[in-house]
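*Asks:* Got a predicted structure plus its sequence, pasted below:
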Amino acid sequence: MPQSPILLPFETIPDAILLVDADGRICRANALAERLFGYDPGELDDRSVECLLSEQLHVRHREYRAAYATAPCQRAMASDLPLVGRRKDGGTFPIDVSLSPWIRDGLPLTICAVRDLSARQQTQRRLQEAEQKHRALVEQLPLVIYQVSARAERELYVSPQLTDLLGYTPAEMQGDPYHWRTWLHPDDAVQVVAENSQAIATGSPLQQEFRVIARDGRVVWVRNEAVLVRDDQDQPRYWQGIWLDITPRKALEEELVHLAYHDPLTGLANRAHFVAHLTHALDRARRRQRQVAVIAVDLDNFKLVNDSLGHEAGDQLLGLVAERLRLAVREEDVLARFGGDEFAVLLKDLPAAEAATPAIERLQAMLRGPVTIQGYDFFLNASLGLACTDMVADQAPALLRAADMALYTAKRAGKGSYAVYAPAQETAMVELLLLERDLRRGLACDEFRVYYQPVVALSTGQIVAVEALVRWLHPTRGVVCPDAYIALAEERGLIVPLGQQVWQVAFRQLVDWQHRTPSQPPFDLSLNVSPRELREPTFVTNLTRIVATSGWDPQRLRLEITEGLLLAESVETRTTLKALKALGIRLVIDDFGTGYSSLAYLKRFSVDGLKIDQAFIPGLGVDVADTALVRAIIAAADALNLEVTAEGVETAQQAAQLRALGCHYAQGYFFGRPQPPAEFERQLSGRTVLSEGTVPITKPRVS
């Protein structure tokens, strides 16, 4: 399996480390573990951990693993049988196993630290046989060895490694047999003393892990192991034990636990940790009759940073956002990152739902200011969704789901806004799910039709182009307005197959009209292309293939794109637009004047034309501002040698005004509504719909 950066510390500690899943299979073993059990690198992966235990321990291991699964904790593996490891060649050796729970990618795992006890047991036997003979050897070991009388509480021997480990001298420990208890960490003292007293009373071996305060104030984790040595008459003589420094291992365990419950990029709590806090806060709120609120936070336009400056810049931005969010919440609140640009805030112990409003305002204020990433200034904005326990059931999943629904409502309402959960949002969400289901079915069942709307040259009155528009003929709802589903199709990625269906039908239809009326000059085809389609890596390839298959001339194709797409100016966008221009396809900016209109972008991307947004057309000749704006757009386009098309033309006066201002083309209900192929074809029999003057002869038929 791929090696995760999180597992690299396993190679740096003096223990054999195994990462085991809930089924008892080995996910990862460090090099020391592989050498210890005699396996080649990677050979242990996906094996049952029982292959490393002697057969007489298999049943006990399964029982222990079942008990551990119900209540995992950091502990040593206990057994009334000595723990014996089995090498690949069949040889066995005594081992010690310590277990620690870990959650990775939502899956429960267990970190097994395995130590070969062969050398330690051999050393202890030699000490029992000849203490003086092996004193020099003992005092070179990286552990503290001690002996204490079993009949009278006094120290017999303490190795000098005590000074290296804790800064205390052996004499201090030997002078007062209970003095070492004053070194115990306050949180561990009671339990350690109780376990020692019980072991002395029963004579059972000691295996403990606890913290000790060194002379210089350091906190040192030690593992205490001791056995009771008996005389020839089987009477207790003395305890012989060791203190082993396990601080590095504990530090690694703490780091792994931290990583299991925190986001590595921002250091904030992750979803699992947030849910644990939320569950605890809900229990407390029930007892105290208080409220708990969850705020879901989603950054607006975060993808713009990733696409334009790269993921490294995106990570830097997320770090800055986390810092700002910390400043906006109270100390008792919990802040988490769920992934991507999604954050969450837990507000505890609120008197009422209204008390969450100041937090919303602080969060919005903190996220509104500009940030500088790689020398570029970005103005942050975020959408927020709020849910409180007086609105939904006081259960963690319900509260999180309600906050997500409120966030979704806020995002659909517009960037930088927030929404409070309301039951009606459930209905809206269900409707969206049903609409998405119908969309997918409609694509599979060919329920979408292509309608055609004429584009007229104002100077000649000729139909010079056709815009292909999609219409959904729903089996029960009838004709569904595009505004009701296009945004959802864009969001779910369904706009890509839908667009390809429109291309295929439109190209075939126009080629057919051209073949049946060879005496008529051919006209152009306009197609709307969404940002989601253009970001598709295979967009140019698929479009080229469909154009070639249909026989349509790519130089007679106009692709209408949005200004926002040019504003993002990512490397992928520049590459795609350059490839389209190389094919001879013309690029037209749709809805010009309503977004981030910039002449610089028009020049940089070699745009061929503009479409004046229909919002400005009703005010022509009536509203001074609208008229001036349309005049300015046309003048700027003329200066840049760009074609100008006005959409939404509904009256003869508007057509005349546009022609007087020098607008090249126009479309709208005045010239013809979007129509099915058969009805549009009847209109083609009279391609001239305007006279040479500024007033049309007759209004064309519309459906």
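*Replies:* Thanks, I have it.
*Asks:* any idea which element whatever residue is furthest in space from the centre of the chain lies in?
*Replies:* Outermost residue of the chain with respect to the C-alpha centroid, by CA atoms, centre = their mean, is Gln233; its distance is 67.5 Å. Secondary structure assignment for Gln233, by DSSP states H and E: no helix or strand.
*Asks:* got a list of what Leu52 touches?
*Replies:* Neighbour list for Leu52: Leu18, Phe37, Leu44, Gly85, Arg86, Val114 [criterion: CB atoms under 8 Å, 6 or more residues apart in numbering]. For every residue, glycine as well, the C-beta is placed using N, CA and C.
*Asks:* measure it to Pro101 for me?
*Replies:* The spacing between Leu52 and Pro101, counted by CB to CB, to the nearest Å, is 20 Å.
*Asks:* With Ala660 instead?
*Replies:* Looking at Ala660 against Pro101, where the rule is CB to CB, the gap reads 78 Å.
*Asks:* Of the two, which one has the most company?
*Replies:* A direct count of neighbours by other CB atoms under 10 Å for Ala660 and Pro101 places Pro101 higher, at 19 against 13.
*Asks:* wait, the more buried one sits on Pro108?
*Replies:* Yes - with contact defined as CB atoms under 8 Å, Pro101 counts as touching Pro108 (6.8 Å).
*Asks:* Where does Asp446 sit: helix, strand or coil?
*Replies:* Per DSSP: H, G, I helix; E, B strand; the rest coil, the secondary structure class of Asp446 is coil.
*Asks:* Helices along the stretch 301-450 of the chain, start to end?
*Replies:* 302-309, 311-328, 357-368, 396-413, 423-444 (DSSP state H, counting those that start in this stretch).
*Asks:* can you redo these as JSON lines with distance to Val511, mean neighbour count and mean pLDDT?
*Replies:* Listed next are these as JSON lines, based on distance: least, CB to CB, whole Å; neighbours: other CB atoms under 10 Å; pLDDT from 0 to 100:
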{"stretch": "helix 302-309", "distance to Val511": "36", "mean neighbour count": "19", "mean pLDDT": "71"}
{"stretch": "helix 311-328", "distance to Val511": "43", "mean neighbour count": "16", "mean pLDDT": "86"}
{"stretch": "helix 357-368", "distance to Val511": "51", "mean neighbour count": "16", "mean pLDDT": "85"}
{"stretch": "helix 396-413", "distance to Val511": "39", "mean neighbour count": "21", "mean pLDDT": "86"}
{"stretch": "helix 423-444", "distance to Val511": "23", "mean neighbour count": "14", "mean pLDDT": "80"}
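*Asks:* domain assignment for this protein?
*Replies:* As given by automatic domain parsing, the domain ranges for the chain are 5-116, 119-252, 266-421, 434-684.
*Asks:* Of all the ones you listed, which one is nearest Leu259?
*Replies:* Leu259 lies closest to domain 5-116 among these, at 5.7 Å (CB to CB).
*Asks:* farthest-separated two in the contacts of Leu52?
*Replies:* Among those, the pair separated by the greatest distance (CB to CB) is Leu18 and Arg86, which sit 13.7 Å apart.
*Asks:* who's more crowded, those two?
*Replies:* Set side by side, Leu18 and Arg86 show more neighbours around Leu18, with 24 against 19, by other CB under 10 Å.
*Asks:* Which residues lie in contact with the more buried one in this structure?
*Replies:* The neighbours of Leu18, taking CB under 8 Å, 6+ apart as the test, are Ile26, Arg28, Ala29, Ala33, Leu44, Val49, Leu52, Ile111, Cys112, Val114.
*Asks:* Start and end of stretch 325-332, how far apart?
*Replies:* By CA to CA, to the nearest Å, the extent of stretch 325-332 from end to end equals 14 Å.
*Asks:* likewise stretch 554-573?
*Replies:* First-to-last distance for stretch 554-573 - CA to CA - comes to 19 Å.
*Asks:* what are the bridge partners for Leu525, then?
*Replies:* Here Leu525 sits in beta bridges with Val466, Leu557, as judged by DSSP bridges.
*Asks:* Next, count neighbours for Ile145.
*Replies:* Summarising burial for Ile145: neighbours were counted as other CB under 10 Å, giving 22.
*Asks:* heads up, I number from 52, so please use that
*Replies:* Renumbered: residue one is now 52, and that last one reads Ile196.
*Asks:* wait, it sits on Trp290?
*Replies:* No - in terms of CB under 8 Å, Ile196 does not count as a neighbour of Trp290; the distance is 11.4 Å.
*Asks:* hmm, back to that, let me have the domains of the chain in CSV, adding distance to Ala479 as columns.
*Replies:* Converted to CSV, the domains of the chain look like this (distance: least, CB to CB, whole Å):
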stretch, distance to Ala479
domain 56-167, 29
domain 170-303, 48
domain 317-472, 7
domain 485-735, 10
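*Asks:* Out of the ones you listed, which is closest to Ala311?
*Replies:* Comparing those by their distance to Ala311 (CB to CB), the top pick is domain 56-167, with 4.5 Å.
*Asks:* So which residue is dead centre in the chain?
*Replies:* Centroid check for the chain by CA atoms, centre = their mean gives Gly390 as the closest residue, at 2.9 Å.
*Asks:* mind checking how far that one is from Leu450?
*Replies:* Taking CB to CB as the measure, Gly390 and Leu450 are separated by 19 Å.
*Asks:* Check Arg138 too.
*Replies:* With the distance defined as CB to CB, Arg138 ends up 52 Å from Leu450.
*Asks:* One more: Phe667?
*Replies:* Remark: distance between Phe667 and Leu450 (CB to CB) = 46 Å.
*Asks:* Please apply the same query to Ala438.
*Replies:* 5 Å.
*Asks:* Tell me the residues that contact both of these two, please.
*Replies:* Common neighbours of Ala438 and Leu450 are listed as Val345 (criterion: CB under 8 Å, 6+ apart).
*Asks:* count of residues packed around Val385?
*Replies:* 21.
*Asks:* list the contacts for it?
*Replies:* The neighbours of Val385, taking CB under 8 Å, 6+ apart as the test, are Ala320, Phe325, His328, Leu329, Ala332, Val396, Leu397, Lys399.
*Asks:* hang on, isn't Arg155 packed against Ala311?
*Replies:* Yes - with contact taken as CB under 8 Å, Arg155 and Ala311 are classed as touching, separated by 6.7 Å.
*Asks:* Skipping its backbone neighbours, what lies nearest Asp489 in space?
*Replies:* Closest residue to Asp489 in three dimensions, ignoring its sequence neighbours and counting by CB to CB, 6 or more residues apart in numbering: His525, at 6.7 Å.
*Asks:* Could I get the contacting residues of that neighbour?
*Replies:* Taking CB under 8 Å, 6+ apart, we find His525 in contact with Asp489, Gly493, Glu498, Val531.
*Asks:* next structured bit after the lowest-mean-pLDDT helix or strand in the chain?
*Replies:* The helix or strand with the lowest mean pLDDT-type score in the chain, counting by mean pLDDT, DSSP states H and E, is strand 126-127 (a mean of 56). Tracing the chain C-terminally past strand 126-127 and defining elements by DSSP H and E, one meets strand 135-137 next.
*Asks:* Tell me which other helices or strands that following strand touches.
*Replies:* Identification of packing neighbours for strand 135-137 by 3 or more CB pairs under 8 Å, 6 or more residues apart in numbering; DSSP states H and E yields helix 82-88, strand 143-155.
*Asks:* can you rerun that using 6 Å?
*Replies:* Using 3 or more CB pairs under 6 Å, 6 or more residues apart in numbering; DSSP states H and E as the contact criterion, the elements in contact with strand 135-137 are strand 143-155.
*Asks:* partners of the next helix or strand after the strand it packs on, with directions?
*Replies:* Past strand 143-155, further along toward the C-terminus, the next helix or strand under DSSP H and E is strand 158-167. With DSSP bridges as the test, strand 158-167 is paired with strand 67-72 (antiparallel), strand 143-155 (antiparallel).
*Asks:* quick one: buried residues of strand 158-167?
*Replies:* Leu160, Thr161, Ile162, Cys163, Ala164, Val165, Arg166, Asp167 (16 or more other CB atoms under 10 Å).
*Asks:* which ones are touching the third one?
*Replies:* For Ile162, the contacting residues are Ser151, Trp153, taking CB atoms under 6 Å, 6 or more residues apart in numbering as the criterion.
*Asks:* Appreciated, that's everything.
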